[in-house]
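Participant: Next comes the sequence, and after it the predicted model I'd like to discuss.
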Amino acid sequence: MSILLVCDFRNFVNAKKKVISSAKMADYRSLPKNASLKPTPYRLHIDDQKIEDMKTLIRLSPLGPTTYENQQDSPDRRFGINIKWMKNAKDSWQNHYDWCVDCP
């Protein structure tokens, strides 16, 4: 059995030319303007060893190789999560996230 693969070359070329904006993490510090429910503050305690374990897991977790599919920035995410978003997420958690807001 033979299979005919059809590729729209124009879309491929346009995707290659498209400059993908830097992927940014969502900002959850403020509520949407139309939110009807207001959250109540609470405190959460996580043992220091658990936080260190999490930091180690993030540092040691490799990202997959860059492929055509994970370089695409399609709104419907038909190719999955963009590699730039993943690299930014890992960097944010590893180097910029405040794991201990009220530490002594």
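Facilitator: Arrived safely. Residues are numbered from 1 along each chain as shown.

Participant: Next one, pLDDT for F9 please.
Facilitator: The confidence metric pLDDT takes the value 38 at F9.

Participant: try the one 10 residues further on
Facilitator: Predicted confidence (pLDDT) for V19: 36.

Participant: M54 now?
Facilitator: pLDDT, M54: 91.

Participant: Excluding residues flanking it in the chain, which one is nearest it?
Facilitator: W99 (7.8 Å; C-beta to C-beta, 6 or more residues apart in numbering). Every C-beta, even on glycine, is put in place using the N, C-alpha and C of the backbone.

Participant: What segments of the chain are helices?
Facilitator: Ranges of helices in the chain, per DSSP state H, are 9-17, 48-60, 83-91.

Participant: residues of the second one that come out buried?
Facilitator: Neighbour-count burial for helix 48-60, counted by 16 or more other C-beta atoms under 10 Å, picks out I58.

Participant: Tell me which of the helices of the chain sits nearest to Y28.
Facilitator: Y28 lies closest, by C-beta to C-beta, to one member of these: helix 83-91, at 13.3 Å.

Participant: Under the pLDDT cut-off, which ranges of the protein? List them.
Facilitator: 1-26, 102-104 (pLDDT under 70).

Participant: Would you check how far apart R29 and V101 are?
Facilitator: Here the criterion is C-beta to C-beta, to the nearest Å. By it, R29 lies 12 Å from V101.

Participant: residues touching the residue nearest to M54, list them.
Facilitator: I51, M54, K55 (C-beta atoms under 8 Å, 6 or more residues apart in numbering).

Participant: will you turn those residues into JSON lines that also has distance to N88?
Facilitator: Output for the contacts of W99, formatted as JSON lines (distance: C-beta to C-beta, whole Å):
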{"residue": "I51", "distance to N88": "21"}
{"residue": "M54", "distance to N88": "18"}
{"residue": "K55", "distance to N88": "17"}
